[in-house]
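S.K.: fold the following and give me the result.
(chains A and B)
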2 protein chains.
Amino acid sequence: MNTDVATATIWVMKFGGTSVATPDLMRNAVARIQERRNEGHRIVVVVSAMGDTTDRLLELARQLSAKPSRRELDVLLSAGEQQSMALLSIALEEAGIAAISFTGRQGGIRTDDRYSQARIVSIDPSRIHSELERNRVVVVAGFQGENEQQDVTTLGRGGSDTSAVALAAALDAKGCEILTDVDGVYTADPRVVPRARRLERLSSDEMLEMATFGARVLHGRSVELARRYNVPLVVASSTRSGPGTRIEPPKEEPEMEQVVVRAITDDPAVRKVSLLHVPDTPGVAAKVFQVLGEAQVPVRLIVQAQGSKKHNDITLILPSDAPLDEALLQKMVDIVGGESWLLDENVALLSVVGEGIAREPGIAAKIFSVLAEEKVNIDVISTSNLVISCVVPESCLVRAAAALHAALVETE
Amino acid sequence: MNTDVATATIWVMKFGGTSVATPDLMRNAVARIQERRNEGHRIVVVVSAMGDTTDRLLELARQLSAKPSRRELDVLLSAGEQQSMALLSIALEEAGIAAISFTGRQGGIRTDDRYSQARIVSIDPSRIHSELERNRVVVVAGFQGENEQQDVTTLGRGGSDTSAVALAAALDAKGCEILTDVDGVYTADPRVVPRARRLERLSSDEMLEMATFGARVLHGRSVELARRYNVPLVVASSTRSGPGTRIEPPKEEPEMEQVVVRAITDDPAVRKVSLLHVPDTPGVAAKVFQVLGEAQVPVRLIVQAQGSKKHNDITLILPSDAPLDEALLQKMVDIVGGESWLLDENVALLSVVGEGIAREPGIAAKIFSVLAEEKVNIDVISTSNLVISCVVPESCLVRAAAALHAALVETE
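M.R.: Numbers count the residues shown, from 1 in each chain, chains lettered A, B, ... in the order given. Now for the predicted structure:
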């Protein structure tokens, strides 16, 4: 409060829907904002729609149409953030903190015109700057922007996190804090592995892999954006004080010697598709990606057994909520010249994340031996520089996650 | 549908909150729109927030602050119309009717910056015109506009009706139809006088007096605007077909001979304030109006007994929901040099409306004799060219209204 505003740094704070779901939770958010403000920062807040507002509005739209217009859905859903931004500003003013709310448009967020999955094309932060100079907290609606036709657009999944990181980049903020219902990023999902502990820090590369392989605390899109624009991210609790987890840009020269397993992530919401007896010709994987891309099915993993045989099996791990039917499965078999397909819903993806772990052969070996001891059958294994993923039977997931956590995280 | 769009007339239809409160009611609204469209009109729809949305949002704001910022309240409440306009567009598209929703801003509605009670300063209908030319139904959010600072504003009481009439004027529409939960304007409130019947037509002057003296079907502000811009108004049912009630500009030369009592209106939501023993000096009423104006208390009636005495009593009829406390009452007594005040909450206002009725002495006489027969004590009586109002005990209201309706309306 005693800080010279003209030289103060900007700090962006994003509150998710569960963190502003009730008036009491809004007051909690105000307390977090007050803390940062007392540290001398100028504050920009990005806010999601309250609690289940978005689901409620979507349900109303579905009662009217099986396939509502995307433009109108964006108009509808963006009203949710408009409500929460006004209410949070009212709560701030009530606590004696000068505040003003802005829609995405008023916050200068311009997007392309892909309704319901728009991309930010530019941010003009001039109006935000001028309100910050008046020592006001600026509350901006997350998840939304405006296209060239002056229509509201929404940013799709993880949209509010993306708004927050993009604003932090445009405002050259000192950091972007994601406030949520957990107090940081954990070494595993505490609901699956009770001994999981909060990480003090991790790299944005590590966070990105964790987001891709099941960690739900941050959406990969916002982590990517933070990495690209060198925005320091913090994940912290919206209801109580605490340091949270710092997510930092990866070091240019990673410490080669020090390979650290950061976390175990689990994702039960996957299914395994096997395309059987596929001729071993080049470009087979590309054809599969093309078919799935057209059907808007994202691929988590693809594994092609590299044997000496003329025919191989191709195994795909796909998210459970992606559209997939028999016609699509048959189309994949046909395009790669395979014989048939198999579908297994009872699998889960278990991943070990840490910078450079794939360079350290001891870690993969340890994973194999731990899971063998636990009598967990490993179905598929895939490695990259940052992550080693195994597909295991869904029934073994909790046991396997706890065992890997004990052997690789708790020993450090 | 077979009409040449280029030469088609524009028709504005306004649906209130109770008329779009559920998906089923929205489909009813779509049927009304389809009927007008089939008549060859190009349609602009103005829509309010669904059902109790506005009250729900206000309640949330009140849980956060006893005196929330008016700017933020406008941001909050305008989200309600944004939801209903998107949902109604989705319902129209589902019925095969091309539609697009616009906020007040997108509809070109510019206002002054009096948040929560803004006045429309101009309308730029170019974007609406271009969508109408593409044969789309344009759904515009009622109750809202944008000020010079590019902030959303709301229009206060009766705001959506005002939006509709103002758009009809700016678009040079053939008419503006207010669709609501009754099928027209009645000769009395049917809940009070069961024998009340729907009026085919009445003049905007008559409607204005009815709105002022208790008829809740239309807000006086929109009727005034319709009269000023010569916009023909229709009040009709949102749930079923019907001619409704036409409200027409008053004739330049009223038919002097034909004095018609149009309707009996009742308003139980009033209270009577008496300022006692006030010196009979000029300008006393002006002083009272000034005090009440500063306190934002509208005056329904003011009656000053014109006797030969040096001191008179001043009687005021004020709406029950206007702010009024002992300090304000004492302030009025002091400023007019009176002795004391009396407050009576148990009164009601009963009014007889019709062009030229005050010129026809027989009507006032009839009112007196009917109420005397019913043993209803008349407390105050006030006449203008269009209306004769009596203040009666609230307990006699239903009996008095039925008797006046029988004697003055049902006999015609």
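
S.K.: A:Leu397: what's it in contact with?
M.R.: Each residue near A:Leu397 by CB atoms under 8 Å, 6 or more residues apart in numbering or on different chains is listed here: A:192, A:266, A:268, A:348, A:350. Heads up, the C-betas are built off the backbone N, CA and C, glycines and all.

S.K.: quickly run through the sheet partners of the helix or strand hosting the fourth one, with directions.
M.R.: Read it as A:Ala348. Secondary structure from DSSP states H and E places A:Ala348 in strand A:340-353. Strand pairing for strand A:340-353, determined by DSSP bridges: strand A:263-279 (antiparallel), strand A:387-393 (antiparallel).

S.K.: got a markdown table for those, with distance to A:Ile314 and mean pLDDT too?
M.R.: Formatted as a markdown table, those follow (distance: least, CB to CB, whole Å; pLDDT from 0 to 100):
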| stretch | distance to A:Ile314 | mean pLDDT |
| --- | --- | --- |
| strand A:263-279 | 4 | 90 |
| strand A:387-393 | 14 | 89 |
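
S.K.: re the thing from before, and the contacts of the helix or strand following the strand holding A:Ala348?
M.R.: Counting by DSSP H and E, the next helix or strand C-terminal to strand A:340-353 is helix A:361-373. Contact with helix A:361-373 is made by A:259, A:261, A:352, A:354, A:357-358, A:378, A:381, A:383, A:388, A:390, A:392, A:400, A:403-404, A:407-408, as judged by CB under 8 Å, 6+ apart.

S.K.: then helix A:361-373 to PDB, C-alphas only?
M.R.: Taking Å, rounded to 0.1, in the frame of the first residue of the first chain, the C-alpha atoms of helix A:361-373 are listed here in PDB:
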ATOM      1  CA  PRO A 361      18.500 -45.500 -18.000                       C
ATOM      2  CA  GLY A 362      18.200 -46.300 -14.300                       C
ATOM      3  CA  ILE A 363      14.800 -44.700 -14.100                       C
ATOM      4  CA  ALA A 364      13.100 -46.800 -16.800                       C
ATOM      5  CA  ALA A 365      14.700 -49.900 -15.200                       C
ATOM      6  CA  LYS A 366      13.400 -48.900 -11.800                       C
ATOM      7  CA  ILE A 367       9.800 -48.400 -13.200                       C
ATOM      8  CA  PHE A 368       9.900 -51.800 -14.700                       C
ATOM      9  CA  SER A 369      11.100 -53.500 -11.500                       C
ATOM     10  CA  VAL A 370       8.700 -51.600  -9.300                       C
ATOM     11  CA  LEU A 371       5.700 -52.500 -11.400                       C
ATOM     12  CA  ALA A 372       6.900 -56.100 -11.800                       C
ATOM     13  CA  GLU A 373       7.100 -56.400  -8.000                       C
END
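
S.K.: identify each buried residue in that helix, please.
M.R.: Neighbour counts over helix A:361-373 (16 or more other CB atoms under 10 Å in any protein chain shown) mark A:363-364, A:366-367, A:370-371 as buried.

S.K.: check those residues and tell me the two furthest apart.
M.R.: Within the buried residues of helix A:361-373, A:Ile363 and A:Leu371 form the most distant pair, 12.7 Å apart (CB to CB).

S.K.: poorly predicted segments of the stretch 251-400 of chain A, please.
M.R.: For the stretch 251-400 of chain A, applying pLDDT under 70 flags the ranges A:251-259, A:305-309.

S.K.: pLDDT on stretch A:87-106, on average?
M.R.: What stretch A:87-106 shows for mean pLDDT is 98.

S.K.: ends of it, what's the gap?
M.R.: 17 Å (CA to CA, to the nearest Å).

S.K.: quick one: that stretch near chain B?
M.R.: Yes: applying CB under 8 Å from any CB of the partner chain, one finds stretch A:87-106 in contact with chain B at A:87, A:89-91, A:93-94, A:100-101, A:103, A:106.

S.K.: strands - which of those land there?
M.R.: Using DSSP state E, the members of the residues of stretch A:87-106 next to chain B that fall in strands are A:100-101.

S.K.: now the residues of stretch A:87-106 next to chain B in CSV, with neighbour count and distance to A:Asn38?
M.R.: Below are the residues of stretch A:87-106 next to chain B laid out as CSV (neighbours: other CB atoms under 10 Å in any protein chain shown; distance: CB to CB, whole Å):
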residue, neighbour count, distance to A:Asn38
A:Leu87, 28, 23
A:Ser89, 30, 19
A:Ile90, 28, 21
A:Ala91, 27, 17
A:Glu93, 22, 17
A:Glu94, 19, 17
A:Ile100, 24, 20
A:Ser101, 30, 22
A:Thr103, 23, 28
A:Gln106, 22, 27
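
S.K.: contacting residues for the spatially closest residue to A:Ser19 that is not a sequence neighbour?
M.R.: Once flanking residues are discounted, A:Ser19 sits nearest to A:Ser238: 3.6 Å by CB to CB, 6 or more residues apart in numbering or on different chains. For A:Ser238, the contacting residues are A:15-16, A:19, A:25, A:28-29, A:32, A:179-181, by CB under 8 Å, 6+ apart.

S.K.: of the residues you listed - the most surrounded one?
M.R.: Neighbour counts for the contacts of A:Ser238 (other CB atoms under 10 Å in any protein chain shown) peak at A:Phe15, which has 28 neighbours.
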